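fold the following.
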Amino acid sequence: MTLKIEIGGGADAAASDAPPYEQVRAQIAEQARGGVLPVGYKLPTVRGLAQELGLAANTVAKAYRALEADGVIETRGRHGTFVAAAGDAAEREASAAAQAFAERVQRLGLSEGAALSAARDALRAAYGDSG
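Got it, this is the predicted structure:
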């Protein structure tokens, strides 16, 4: 279990058309979500990976920032950057959004039933009727 990244050419010619940071982001995300990189796997430093791939450090840093925003990786200060537990960041963000929604509908004076109905309607619109 080791990080494998190919920039440009590689097996997927279409992927080589993407900017280098996007190639790095997509490959790390795919490996993390596919279990190739297990939860808690320590990623190389930004500078280390940039040097290994022949890229600018800012390019790798941009990929890491995007991965962190997506909840794929987490940075633990000076300890490094690690593959995050699947769903943790997404679940935290969903919980925060739900809390904000609950507070907002309460301020608007909606009943719990009306708030749940509004939430169900929004979810149906987002996910389709199959729910």
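
hey, let's count contacts and neighbours off CA atoms from now on
Will do.

residue boundaries of the helices in this protein?
Assigned by DSSP state H, the helices in the chain fall at 20-33, 46-53, 57-69, 88-107, 112-127.

could you dump the ones you listed to TSV with mean pLDDT?
Formatted as TSV, those follow (pLDDT from 0 to 100):
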stretch	mean pLDDT
helix 20-33	93
helix 46-53	96
helix 57-69	96
helix 88-107	81
helix 112-127	93
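
looking at those helices, which is buried most?
Most buried of those by mean neighbour count (mean count of other C-alpha atoms under 10 Å) is helix 20-33; its value is a mean of 20.

so what's the gap between that one and the chain middle?
10 Å (C-alpha atoms, centre = their mean, to the nearest Å).

what do you get for stretch 31-51?
13 Å.

using PDB, list the CA coordinates for that stretch.
What follows is stretch 31-51, C-alpha atoms only, in PDB (Å, rounded to 0.1, in the frame of the first residue of the first chain):
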ATOM      1  CA  GLN A  31      -6.900   5.500  -4.200                       C
ATOM      2  CA  ALA A  32      -8.300   6.700  -0.900                       C
ATOM      3  CA  ARG A  33     -11.900   5.900  -1.700                       C
ATOM      4  CA  GLY A  34     -11.000   2.600  -3.400                       C
ATOM      5  CA  GLY A  35      -9.200   1.400  -0.300                       C
ATOM      6  CA  VAL A  36      -5.800   1.300  -2.000                       C
ATOM      7  CA  LEU A  37      -4.700   3.900   0.600                       C
ATOM      8  CA  PRO A  38      -6.200   2.900   3.900                       C
ATOM      9  CA  VAL A  39      -7.600   5.300   6.500                       C
ATOM     10  CA  GLY A  40      -4.800   6.900   8.500                       C
ATOM     11  CA  TYR A  41      -2.200   6.400   5.700                       C
ATOM     12  CA  LYS A  42       0.400   9.200   5.900                       C
ATOM     13  CA  LEU A  43       0.800  11.000   2.700                       C
ATOM     14  CA  PRO A  44       4.200  12.500   1.600                       C
ATOM     15  CA  THR A  45       4.800  16.100   2.400                       C
ATOM     16  CA  VAL A  46       3.800  18.700  -0.200                       C
ATOM     17  CA  ARG A  47       7.500  19.300  -1.000                       C
ATOM     18  CA  GLY A  48       8.400  15.700  -1.000                       C
ATOM     19  CA  LEU A  49       5.600  14.700  -3.400                       C
ATOM     20  CA  ALA A  50       6.200  17.700  -5.600                       C
ATOM     21  CA  GLN A  51       9.900  16.700  -5.900                       C
END
